[in-house]
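S.K.: task: produce atomic coordinates for the following.
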Amino acid sequence: MPNQTELYTTLPDHVKKFFDRQYESAYRLLDASRHPKTGLYADSYKTFEENPESKCSIAATGVGLIGLCVADMEGWDSKAGEKAILTLNAAMGNIDGCQPARDEKTGFFAHFVDMESGENLQSEISTIDTSLLVAGALFAGRHFKETFPEIEGMANDLLQEIDWSIVVANKDNGSIHMVVKDGQGTLPIPAYNEYVLVAHLALMGQPENKEIQHLWHNSFSEKKMKELPQVNYRNLTVLTDTNGKHGQESFLSSFVHQFPFYLVPEYAESPVYREFYKNACLADQLKWKELEDVPSYVWGYGAGPNDGLHGGYHADQINNSPGDIASAYIVAGFLPVNPAGIYDLYALYRLHLPFDTYENPNDKDDERKLMAAYRFGLHRYSWWHLEQPDRWYPTKITLIDWSSMLYGLTAYKRGMSFFTDRLNQ
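M.R.: Here you go, the predicted structure:
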């Protein structure tokens with residue numbers, strides 16, 4: 001077994017028991033969302049319905065591949081390698097009857113496809129979702145290099161099948177195309193955001209391309225990180241995608257900071273980015289403290305579904321969080337720079353959402369709902385409803401947002417080397 005961090009080994013027994021349960025569940029939710037025949041992963045886990053759902057997310061499939069690496073390392077799934085091979089074969093169209101929708105000219109994938117046929121479910125051809133799939137494939141290739149070397153070959157083939165040059169919208173200001181239409185990039189988005197991953201993979205896929213080189217080195221490399229757009233919160237400097245549009249400060253959802261930290265090697269290893277990462281964590285926590293009657297362990301501006309409460313899916317952020325719904329997976333994602341966050345998660349579990357021991361003899365329907373909604377542990381919740389007699393229970397968990405839970409707990413127990421060793425190609 002790989003080494004365990006001192007942070008993990010010195011946890012009190014009762015907290016460690018909670019950690020172990022939440023950690024393995026972070027993988028089990030992914031596995032419950034995986035199609036058994038194609039190995040593709042659903043967009044979300046339905047808390048009160050049958051799983052997996054019929055809608056595959058290409059981004060979630062990349063998360064699933066990383067999940068299989070964690071499960072293999074921890075001994076949770078003896079078939080993890082075989083599962084990764086099936087998933088990659090399906091994603092690359094090597095399984096009869098399953099051809100995931102892609103742009104014919106560039107190779108980029110549709111965001112949402114049918115779990116069995118791969119048919120496009122009326123979604124865009126997405127550069128970031130394709131990148132999350134490719135990142136997961138390359139990660140798995142490195143992890144299974146000795147036991148299943150064919151995975152690395154498939155992952156590299158997938159990387160090379162894509163024409164990354166079309167992601168460059170403006171090489172001088174770091175603007176990247178979000179969508180591919182008829183072989184061309186469209187809908188540019190300015191730096192800084194999770195599209196750092198797109199730029200990183202573009203450089204890996206086409207390292208000789210001058211436009212891609214300029215895009216990366218002029219905007220996203222470590223020496224340029226301090227020049228990325230920034231915004232201040234209580235004297236904390238936080239990266240953003242704007243330097244105050246129309247004179248107003250703008251913040252990003254915390255997942256935006258987390259994805260590059262775990263999936264882009266230069267960002268995972270950079271002391272400059274780590275400082276920005278700490279600031280993003282602190283800003284998130286401090287903003288929650290401004291809210292009335294909210295304990296210190298409640299925080300986490302993440303993205304996720306609000307069905308039945310405040311509309312649908314929303315990317316919550318400082319100054320833009322309808323209903324102030326908290327995301328426990330954001331707390332987990334910041335554990336490398338805020339290890340005390342594990343006690344925040346434990347307090348939430350112990351005091352409000354004891355997902356494995358909850359009893360309500362006066363309302364068995366409520367008991368059933370909590371046990372179903374949080375079957376795989378803590379995720380998205382409304383603090384304002386936790387102590388109400390008729391509280392809100394989430395009906396689904398989006399896998400791409402859930403990924404921060406898996407990544408953060410893995411790093412807490414095994415160290416960031418688990419990621420950096422598999423990111424560096």
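S.K.: ok, residue 257 - contacts?
M.R.: Residues in contact with residue 257, defined by C-beta atoms under 8 Å, 6 or more residues apart in numbering, are 238, 239, 276, 277, 280. Where you see a C-beta, it was placed from the backbone N, CA and C, and this is true even at glycine.
S.K.: surely it forms part of a helix?
M.R.: Yes: checked against DSSP: H, G, I helix; E, B strand; the rest coil, residue 257 lies within a helix.
S.K.: measure it to residue 120 for me?
M.R.: 31 Å (C-beta to C-beta, to the nearest Å).
S.K.: rounded mean pLDDT for stretch 237-250, please.
M.R.: Per-residue pLDDT over stretch 237-250 has a mean of 69.
S.K.: re earlier: which one of the contacts of residue 257 is nearest to residue 262?
M.R.: Distances from residue 262 to the contacts of residue 257, taken as C-beta to C-beta, are shortest for residue 277 (10.5 Å).
S.K.: do a quick rundown of the strands in the stretch 301-425 of the chain.
M.R.: Taking DSSP state E, counting those that start in this stretch as the criterion, the stretch 301-425 of the chain contains strands spanning 303-305, 313-315, 325-327, 380-382, 396-398.
S.K.: an error on my part: the question was meant for the stretch 1-150 of the chain.
M.R.: Secondary structure of the stretch 1-150 of the chain (DSSP E, counting those that start in this stretch): strands located at 44-46, 55-57, 112-114, 125-126.
S.K.: what about residue 360, how many residues nearby?
M.R.: The burial metric for residue 360, expressed as a neighbour count using other C-beta atoms under 10 Å, is 13.
S.K.: phi and psi next, for it.
M.R.: Per-residue torsions, residue 360: phi -140, psi 80 (degrees, to the nearest 10).
S.K.: is it true that residue 261 touches residue 273?
M.R.: Yes: using C-beta atoms under 8 Å, residue 261 is in contact with residue 273, at 7.0 Å.
S.K.: Throw the strands of the stretch 301-425 of the chain into a markdown table and include mean neighbour count, thanks.
M.R.: Compiled in a markdown table, the strands of the stretch 301-425 of the chain are given as follows (neighbours: other C-beta atoms under 10 Å):
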| stretch | mean neighbour count |
| --- | --- |
| strand 303-305 | 22 |
| strand 313-315 | 16 |
| strand 325-327 | 26 |
| strand 380-382 | 23 |
| strand 396-398 | 23 |
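S.K.: let me know which of those is the nearest to residue 52.
M.R.: Nearest to residue 52 among the strands of the stretch 301-425 of the chain is strand 396-398; the distance by C-beta to C-beta comes to 11.6 Å.
S.K.: now for that closest one, which elements pack on it?
M.R.: When contacts are defined as 3 or more C-beta pairs under 8 Å, 6 or more residues apart in numbering; DSSP states H and E, strand 396-398 packs onto strand 44-46, strand 303-305.
S.K.: make CSV from the ones you listed and add distance to residue 19 and mean pLDDT to it.
M.R.: What follows is the helices and strands packed on strand 396-398, written out as CSV (distance: least, C-beta to C-beta, whole Å; pLDDT from 0 to 100):
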stretch, distance to residue 19, mean pLDDT
strand 44-46, 21, 98
strand 303-305, 22, 97
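S.K.: just send those back as CSV, with distance to residue 90 too.
M.R.: Written out in CSV, the entries for the helices and strands packed on strand 396-398 read as follows (distance: least, C-beta to C-beta, whole Å):
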stretch, distance to residue 90
strand 44-46, 19
strand 303-305, 25
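S.K.: which regions of this structure lie under the pLDDT threshold?
M.R.: Across the chain, the ranges flagged by pLDDT under 70 are 1, 243-249, 425.
S.K.: could you dump stretch 103-121 to PDB, C-alpha only?
M.R.: Coordinates of each C-alpha in stretch 103-121 appear next as PDB, following Å, rounded to 0.1, in the frame of the first residue of the first chain:
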ATOM      1  CA  ASP A 103     -17.100  17.000 -34.000                       C
ATOM      2  CA  GLU A 104     -16.000  15.200 -37.300                       C
ATOM      3  CA  LYS A 105     -13.300  17.800 -38.100                       C
ATOM      4  CA  THR A 106     -11.600  18.300 -34.700                       C
ATOM      5  CA  GLY A 107     -12.500  15.200 -32.600                       C
ATOM      6  CA  PHE A 108     -14.000  17.200 -29.700                       C
ATOM      7  CA  PHE A 109     -16.800  15.500 -27.800                       C
ATOM      8  CA  ALA A 110     -20.400  16.500 -27.200                       C
ATOM      9  CA  HIS A 111     -21.000  17.300 -23.500                       C
ATOM     10  CA  PHE A 112     -23.900  14.900 -23.000                       C
ATOM     11  CA  VAL A 113     -24.500  11.700 -24.900                       C
ATOM     12  CA  ASP A 114     -26.700   8.600 -24.500                       C
ATOM     13  CA  MET A 115     -25.100   6.100 -22.100                       C
ATOM     14  CA  GLU A 116     -25.600   3.200 -24.500                       C
ATOM     15  CA  SER A 117     -25.500   4.600 -28.100                       C
ATOM     16  CA  GLY A 118     -23.400   7.700 -27.600                       C
ATOM     17  CA  GLU A 119     -25.900   9.800 -29.400                       C
ATOM     18  CA  ASN A 120     -25.700  13.500 -28.800                       C
ATOM     19  CA  LEU A 121     -28.400  14.600 -26.300                       C
END
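S.K.: alright, calling it a day.
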